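K.L.:
Sequence and predicted structure below; questions after.
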Amino acid sequence: MVAWAMAMAGTGGCASAAHVHAGVRRARKGSAAKPALARAGRGATAWASLSPSPSSGPSGLGDDLVLDKGGFVASRRGVAALAAASLAWGGPWGAAGGGAAFAGSNFPAGETGDAPVTWRPSARETPSIRAGQIKGYSFLLPPGWKQEQVANILSGNYCQPKCDEPWVEVIFSSKDSGKVNVFGCPSTKLKPYGFKAGMPIEDIVTPESAIASLGGYATGNTIDPDSEVISIDKHEIKGKTYYLYEMLTPYAKTGLHQLAAVTSAQEAVLMFSVSATKDQWANAKETLKQMVNSFEVDI
């Protein structure tokens with residue numbers, strides 16, 4: 001884990017802001033309402049509920065939707081209302097947004113179908129959730145995004161619930177739009193003294209220090225907060241604060257454009273990160289912003 005963290009951020013773990021600043025210049029010199037049970041292949045199961053977008057998909061669909069990939073079957077009956085972030089969706093599918101889906105890694109062929117969904121990991125989805133380090137989270141996922149496998153060495157599978165270094169929760173990608181990573185970091189890395197489980201993000205780290213410490217994981221390289229962070233903002237969902245960032249990162253390995261949301265989650269700090277190339281950003285900028293704004297941690 002230490003080796004991976006150094007490769008990702010140029011530091012050993014969730015670095016302090018001062019450490020990141022000190023390393024940037026040196027690095028640059030040498031660089032150029034009940035869900036339906038869904039059967040999802042391989043004998044595994046996931047919980048999902050789907051509904052069509054009001055502005056997409058064929059009309060007159062019956063109550064049941066059957067997708068033949070992986071033997072996935074989901075019911076359109078009893079679709080729950082979207083969470084607050086989902087209701088605010090203003091993407092290309094209309095202001096009312098699409099349907100909600102709650103599923104594990106066995107989403108059919110890793111795809112979202114023909115409507116945006118609210119994706120939520122299953123109770124056994126990631127090592128940190130299984131270990132009780134965090135409860136869970138959710139975010140909007142547009143059509144065409146696919147879930148990628150996270151290697152054990154990156155997932156924290158070997159160290160939870162006592163990981164000393166950051167880990168990768170989940171990865172989703174779209175060829176036309178960009179890439180999503182959810183990273184976890186032990187809260188004690190950002191607040192070595194006085195941390196208590198469930199502490200709000202404002203009591204753990206400032207917005208400026210958070211991105212200085214965690215930004216390198218989004219870029220796959222070092223980050224200079226003074227020149228590469230375009231904006232820092234925050235919003236609240238159900239009384240919980242989320243730090244929001246937009247970055248322009250010419251030295252990033254993941255793409256020129258970065259968006260991120262950071263908040264606390266029980267024993268950890270989570271960062272929802274979106275990366276995009278210049279072309280992907282031009283194609284899906286507003287959608288990517290909506291995805292970041294939709295990120296919500298289970299309280």
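P.N.:
Done, it's in. Not measured: the values here are computed from a predicted model. Numbers count the residues shown, from 1 in each chain.
K.L.:
Just the strands from this structure, written as ranges.
P.N.:
Here the chain has its strands, by DSSP state E, at 36-39, 45-48, 64-67, 72-75, 117-119, 137-141, 146-148, 167-174, 178-186, 229-237, 240-248, 257-265, 268-276, 296-297.
K.L.:
out of the ones you listed, nearest to G220?
P.N.:
Nearest of the strands of the chain to G220, taken as C-beta to C-beta: strand 268-276 at 8.3 Å. (Glycine included, C-beta is placed from N, CA and C.)
K.L.:
Would you mind getting the angle between the closest one and strand 167-174?
P.N.:
Interaxial angle of strand 268-276 relative to strand 167-174 (axes from the mean of the first three to the mean of the last three C-alpha atoms, to 10 degrees): 30 degrees.
K.L.:
So in that sheet, which strands flank strand 268-276, and in what orientation?
P.N.:
Within its sheet, strand 268-276 is paired with strand 178-186 (antiparallel), strand 257-265 (antiparallel), according to DSSP bridges.
K.L.:
Next, the buried residues of it.
P.N.:
A268, V269, L270, M271, F272, S273, V274, S275, A276 (16 or more other C-beta atoms under 10 Å).
K.L.:
show me what contacts the first one?
P.N.:
Residues touching A268, when contacts are defined by C-beta atoms under 8 Å, 6 or more residues apart in numbering, comprise S128, Q133, I134, G184, C185, P186, S187.
K.L.:
give me the low-pLDDT residue ranges for this structure?
P.N.:
Along the chain, the model assigns pLDDT under 70 to residues 1-114.
K.L.:
Mind doing that once more with 90?
P.N.:
1-116, 162, 222, 299 (pLDDT under 90).
K.L.:
returning to what we had before: and the buried residues of strand 268-276, which is closest to G156?
P.N.:
Looking across the buried residues of strand 268-276 and measuring by C-beta to C-beta, the closest to G156 is A268, at 9.8 Å.
K.L.:
The residue nearest to that closest one when sequence neighbours are not counted and S213, how far apart?
P.N.:
The spatially closest residue to A268, leaving aside those adjacent along the chain, is G184, at 4.7 Å (C-beta to C-beta, 6 or more residues apart in numbering). Per C-beta to C-beta, to the nearest Å, G184 is found 13 Å from S213.
K.L.:
Check I299 too.
P.N.:
Plainly put, I299 is 23 Å away from S213 if you go by C-beta to C-beta.
K.L.:
Tell me which of the two has more neighbours.
P.N.:
A direct count of neighbours by other C-beta atoms under 10 Å for I299 and S213 places S213 higher, at 29 against 11.
K.L.:
Hmm, P207 and that one touching each other?
P.N.:
No - if you go by C-beta atoms under 8 Å, S213 and P207 don't touch, sitting 11.1 Å apart.
K.L.:
If the residue nearest to L141 when sequence neighbours are not counted is in a bridge, with which residues?
P.N.:
Excluding the flanking residues, the one nearest L141 by C-beta to C-beta, 6+ apart is W119, at 4.4 Å. Per DSSP bridges, the residues bridged to W119 are F139.
K.L.:
separation between W119 and T254?
P.N.:
20 Å.
K.L.:
So between those two, which is more surrounded?
P.N.:
W119 (25 against 21).
K.L.:
my guess is A260 contacts T254, does it?
P.N.:
No - A260 is beyond contact range of T254, at 11.4 Å (criterion: C-beta under 8 Å).
K.L.:
shared neighbours, the two?
P.N.:
A218.
K.L.:
isn't the residue nearest to A268 right next to S155, touching?
P.N.:
No - the pair G184 / S155 is not scored as a contact, 9.5 Å apart, by C-beta under 8 Å.
K.L.:
neighbours around K253, how many?
P.N.:
If we define neighbours as other C-beta under 10 Å, then K253 has 11 of them.
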